[in-house]
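Novice: My questions concern the predicted model and sequence given below.
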Amino acid sequence: MPIHNSDVADAFEEIADLLEIEGANPFRVRAYRNAARTVRSLAVEVSQMLGRGEKLTDLPGIGEDLAGKIKEMVDTGKSPMLDKLHKTLPPALSELLKIPGLGPKRVGVLYHELDIETLDQLHRAAVDGRIRKLPGFGAKTESRILEQITARAAKPERFKLAVAAQYADSLVKYLKATPGVDRVVVAGSFRRASETVGDLDILVTAKRSGKVMDRFAAYDEVAEVVAKGPTRSTVVLRSGLQVDVRVVPEESFGAALYYFTGSKAHNIAVRRIGQKRGLKINEYGVFRGKKRIAGETEESVYSAVGLSYIPPELREDRGEIDQARAGRLPRLVELGDLRGDLHAHTKATDGHNTLREMAEAARAAGLEYLAVTEHSKRLTVAHGLDAARLARQCDEIYRLNGELRGITLLKGIEVDILEDGRLDLPDKALSKLDLVIGAVHSAFKLSREKQTERILRAMDRPHFTMLAHPSGRLIPTREPYDVDMGRVVRAAKDRGCFLELNAHPERLDLVATHCQMAKGEGVLVSVNSDAHSAQDYANLRFGVGQARRGWLEAKHILNTLPLKTLLERLAR
DNA sequence: GCCGTTTTCGGCCCGACTGTTTTCAGTCG
C-alpha cells in the first residue's frame, strides 16, 4: 500500500488534534499542523523524494523528528506515534473538534467526564441534558451543540466558488446601499479564489459601524445571527453559508483587507517577519510601538516588512514570501489576457445553444477565437459525434467563419480516451481538425499504473493536442482518478501536447499544484470554459483564478496567444 | 516540534466575541 502525501498529512493532523486534546504544548501541536499543510501542498510525493534520496528536512516546518516520522510511515505504512495516541484517546475525538464551539479543552472534558467519543454519544448526552452540568459548559452551549450536530448532517460543508460568488455579489450590493458605508469588499478564501469556500468574509469601511451591523443582521436571507458585536458579526444564511462582516475605519482598510484575506498561514509568516523588525501587525495597521506606520493600503503593509505586493491567490505560505522579498513574484495571468477559448459544446451534442449562438456569445465575451469541441460517439448520453456528423459540423464551421466577423471558429473534438488508451474516433477523422482534446470519461477506478499508461498511450496518437480536465475530479462529488501526474506532465512535454485547465466550477482542473508542475516543465496550459451554454464563458473567471493560484503568467497560457501564433503551435 | 542577520535555548501572531463567570477561559478566524 503506497503512502501518499495526503495520508501523511491526515495522520499529522489527527496527531495534532489528539495532542491538543491531551493538553500538549500548543507549539508542538502547531508544528504537526504546519507539517501536514506543507506535505499536503507538495507537488511531488514524499515517497518519491525519499526514493531519490532527497532530504525532507529541506522542506519548511519539517525537522529531523518529523522527517523521521514521515519515513517511518512511507516504509511501514503505519504511524507508531498515532497508534500510541490511540491507546489513550479514541480516533473519533477528531470528529468532535469539527463541531463549532467545541475546541480541544471542551472535547477533553467531554471525554474524561462523560466518556463521550463519538458524535452519536455527544448527541445523546446533549438530549439528556448531561452536558450543561459540566464545568465551563452551560445550557446555551448544550443547545448550540445540539443544533450544530443536526445542522452538520443537513448542509454541505463548503461551497463551490461559483456558488459562493452568487451569494457574495448580492450581499455586497445590499451592504453598499447602507447610508454611511464607503467600501464593501469580500476578503477571505473567496478573494484568494479557493476552489471552495467555507464562509464569506466581508470587509466594510464606514463612519458608524452600528448601522452596518443592524442592517447586516436584517438581511432577508439570514437564518441565524451567530454573533453580533460593534465591529464584527457572524450570520448563517438560509443556504447554510456563514458570513462574517467586519467594519474598520478607512485608514485601516489595507491592513484589514490583508488581514482578512489570509490565508492564516500567510498572515502568520508575514507577522513573524514584522516581529523581527520590531513591528506589530494587526487588522488596524502596522505599528512600531504605539505609532502606526502603515495600513491604508495592502501595498503599504507589505512594503513595511520589506516585501513587494503579493496577489491574494498566492497567499498560502508556499514560497510566495521569499519570492516577494527577492522581488521575483510572477506577473500573474489576468482574465483580459485570454484571447480565446478552446473547449465548448453546442446543441449538436449536450450543449444548449446553436453553433452560431455560441460563436456570437464568445465574441460578446471579448474572445477572438473559439474551438468547438463536441463529445465523441462513445459518450452516448451526450449524443456524441461519429466521424460523419463531425465532418458535417466542420462544413458548417467553415461556412460560418465566412460569414461571422470578429470571431473565428476552430474545428475540434473532445474525444473519449478509451480504457485501453485508443481514441474513440479514427486518425483519419481527427486529422482534419485544428485540435483534438482527449478526455477520460470512463473507467475511473483503474490502478495508478494502468490509468497513467492509458493516458500516455492516448497522447501518443499523432493528432492528440490536449488533455482535458486532467485529474477527472468533480467538486465535491468525485475524487480525482489515481494517476501519476508527474509522468503525464513530462509526457506532454515530450510530445508537444498541452494540458487543459477546465474552468467549470465543478472541475477547476488542473489543480494549482499541477499548474506549477506544468510551468516547471514548460508545458503550456489552456484555460477553457467547457461551455455548454452561451452564459458559460463567465466561468473563465474562475479558471483564471485557479491558474493564478498555480503561479501561471500569460506566457504559460496557450489561449493568450494571438490566433495566428496559436494555429502555428497547434499545427506542430 | 521547529528554528536562528538578536538566539543551538527560548521563543513561537493577534484580536473579537460569547458564555459562564464575577475577571476570564475558550473558541474562532
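Specialist: That came in fine, so what should we check first? Residues are numbered from 1 along each chain as shown, chains lettered A, B, ... in the order given.
Novice: CA atoms for contacts and neighbours, from now on please.
Specialist: Noted.
Novice: Taking chain A, what residue is nearest to DNA strand B?
Specialist: Residue nearest to DNA strand B within chain A (Cα to the nearest atom of the strand): residue A:138, separated by 2.5 Å.
Novice: got the contact list for the closest residue in space to residue A:261 that isn't next to it in sequence?
Specialist: Using Cα to Cα, 6 or more residues apart in numbering and skipping the chain neighbours, the partner closest in space to residue A:261 is residue A:188 (3.9 Å). By Cα atoms under 8 Å, 6 or more residues apart in numbering, residue A:188 lies in contact with A:200, A:201, A:202, A:260, A:261, A:262, A:263.
Novice: I'd say the third one and residue A:245 touch.
Specialist: Which is residue A:202. Yes. Proximity of residue A:202 to residue A:245 meets the contact threshold set by Cα atoms under 8 Å, at 4.7 Å.
Novice: Torsion angles phi and psi at the residue of chain A closest to DNA strand B?
Specialist: Residue A:138 adopts backbone torsions of phi -160, psi -180, taken as degrees, to the nearest 10.
Novice: Is residue A:165 located within a helix, as I assumed?
Specialist: Yes. Remark: residue A:165 belongs to a helix, assigned using DSSP: H, G, I helix; E, B strand; the rest coil.
Novice: can you count the residues close to it?
Specialist: Look at residue A:165: counted by other Cα atoms under 10 Å, it has 16 neighbours.
Novice: quick one, what contacts the most centrally placed residue in chain A?
Specialist: Nearest to the geometric centre of chain A sits residue A:195, at 2.8 Å (Cα atoms, centre = their mean). Residue A:195 sits next to A:160, A:161, A:505, A:508, A:546 when contact means Cα under 8 Å, 6+ apart.
Novice: next one: residue A:427
Specialist: Counting by Cα under 8 Å, 6+ apart, residue A:427 has contacts A:461, A:462, A:463.
Novice: Buried only: go through these for me.
Specialist: residue A:463 (16 or more other Cα atoms under 10 Å).
Novice: Keep only those of the contacts of residue A:427 that are in helices.
Specialist: With helices taken from DSSP state H, there is no overlap with the contacts of residue A:427.
Novice: Closest to residue A:401 out of the contacts of residue A:427?
Specialist: residue A:463 (22.8 Å; Cα to Cα).
Novice: before we move on, the earlier item: give me the phi and psi for the residue nearest to residue A:261.
Specialist: The phi/psi pair for residue A:188 (degrees, to the nearest 10) is phi 70, psi -160.
Novice: returning to that earlier point: what sits in contact with each of residue A:202 and residue A:245?
Specialist: Joint contacts of residue A:202 and residue A:245 (Cα under 8 Å, 6+ apart) do not exist.
Novice: okay, residue A:155: pLDDT?
Specialist: Note on residue A:155: pLDDT of 61.
Novice: List of residues touching the helix or strand of chain A with the lowest mean pLDDT?
Specialist: Using mean pLDDT, DSSP states H and E, the weakest-scoring helix or strand in chain A turns out to be helix A:139-154, at a mean of 81. Identification of contacts with helix A:139-154 by Cα under 8 Å, 6+ apart yields A:99, A:100, A:101, A:119, A:123, A:126, A:127, A:129, A:131, A:132.
Novice: that older thread, who are the neighbours in contact with the closest residue to the residue of chain A closest to DNA strand B other than its chain neighbours?
Specialist: Nearest residue to residue A:138, sequence neighbours excluded (Cα to Cα, 6+ apart): residue A:132, at 4.3 Å. Counting by Cα under 8 Å, 6+ apart, residue A:132 touches A:126, A:138, A:139, A:140, A:141, A:142.
Novice: ok, now with 7 Å
Specialist: A:138, A:139, A:142 (Cα atoms under 7 Å, 6 or more residues apart in numbering).
Novice: Is it correct that it falls within a strand?
Specialist: No. Read with three-state DSSP, residue A:132 is coil and lies in no strand.
Novice: how about stretch A:149-166: buried residues?
Specialist: A:149, A:158, A:159, A:160, A:161, A:162, A:164, A:165.
Novice: would you list those in TSV and tack on distance to residue A:31?
Specialist: What follows is the buried residues of stretch A:149-166, written out as TSV (distance: Cα to Cα, whole Å):
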residue	distance to residue A:31
A:149	30
A:158	26
A:159	29
A:160	30
A:161	30
A:162	33
A:164	32
A:165	34
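Novice: shaky segments in the stretch 51-200 of chain A?
Specialist: A:153-156 (pLDDT under 70).
Novice: could you redo the last one with a cut-off of 90?
Specialist: Scanning the stretch 51-200 of chain A with the threshold set as pLDDT under 90 gives A:52-54, A:58-61, A:88-106, A:108-109, A:112-113, A:118-120, A:126-129, A:132-158, A:178-180, A:198.
Novice: tell me which parts of it are close to DNA strand B?
Specialist: Within the stretch 51-200 of chain A, the positions near DNA strand B by Cα under 7 Å from any atom of the strand are A:57, A:59-67, A:97-107, A:132, A:135-142.
Novice: And the helices in the stretch 451-572 of chain A?
Specialist: A:485-495, A:512-521, A:540-549, A:563-571 (DSSP state H, counting those that start in this stretch).
Novice: what angle do the first one and helix A:512-521 make?
Specialist: When you say that, I think you mean helix A:485-495. Counting by axes from the mean of the first three to the mean of the last three Cα atoms, to 10 degrees, helix A:485-495 lies at 40 degrees to helix A:512-521.
Novice: same question, the shortest one
Specialist: Using the same axes, to 10 degrees, the inter-axis angle of helix A:563-571 relative to helix A:512-521 is 90 degrees.
Novice: What mean pLDDT does helix A:563-571 get?
Specialist: Mean predicted confidence for helix A:563-571 is 95.
Novice: ditto for the longest one
Specialist: Averaged across helix A:485-495, pLDDT comes to 95.
Novice: Could you list every helix and strand that that helix packs against?
Specialist: helix A:512-521 (3 or more Cα pairs under 7 Å, 6 or more residues apart in numbering; DSSP states H and E).
Novice: What are the phi and psi values at the residue lying farthest from the centre of chain A?
Specialist: What lies farthest from the middle of chain A is residue A:133; by Cα atoms, centre = their mean that is 41.8 Å. When read as degrees, to the nearest 10, the backbone of residue A:133 gives phi -80, psi -10.
Novice: do the same with residue A:375
Specialist: phi -70, psi 160.
Novice: Quick check: beta-bridge partners of it?
Specialist: Under DSSP bridges, the beta-bridge partners of residue A:375 are residue A:414.
Novice: and it, what does it touch?
Specialist: Counting by Cα under 7 Å, 6+ apart, residue A:375 has contacts A:349, A:382, A:384, A:385, A:413, A:414, A:415.
Novice: hmm, back to that, deepest in the core, which of the helices of the stretch 451-572 of chain A is it.
Specialist: helix A:540-549 (a mean of 26; mean count of other Cα atoms under 10 Å).
Novice: for the record, mean pLDDT for that helix?
Specialist: Mean predicted lDDT for helix A:540-549 stands at 97.
Novice: likewise stretch A:2-14?
Specialist: For stretch A:2-14, mean pLDDT is 89.
Novice: Say whether DNA strand B is contacted by that stretch.
Specialist: No. With Cα under 7 Å from any atom of the strand as the criterion, DNA strand B is not reached by stretch A:2-14; the gap is at least 10.0 Å.
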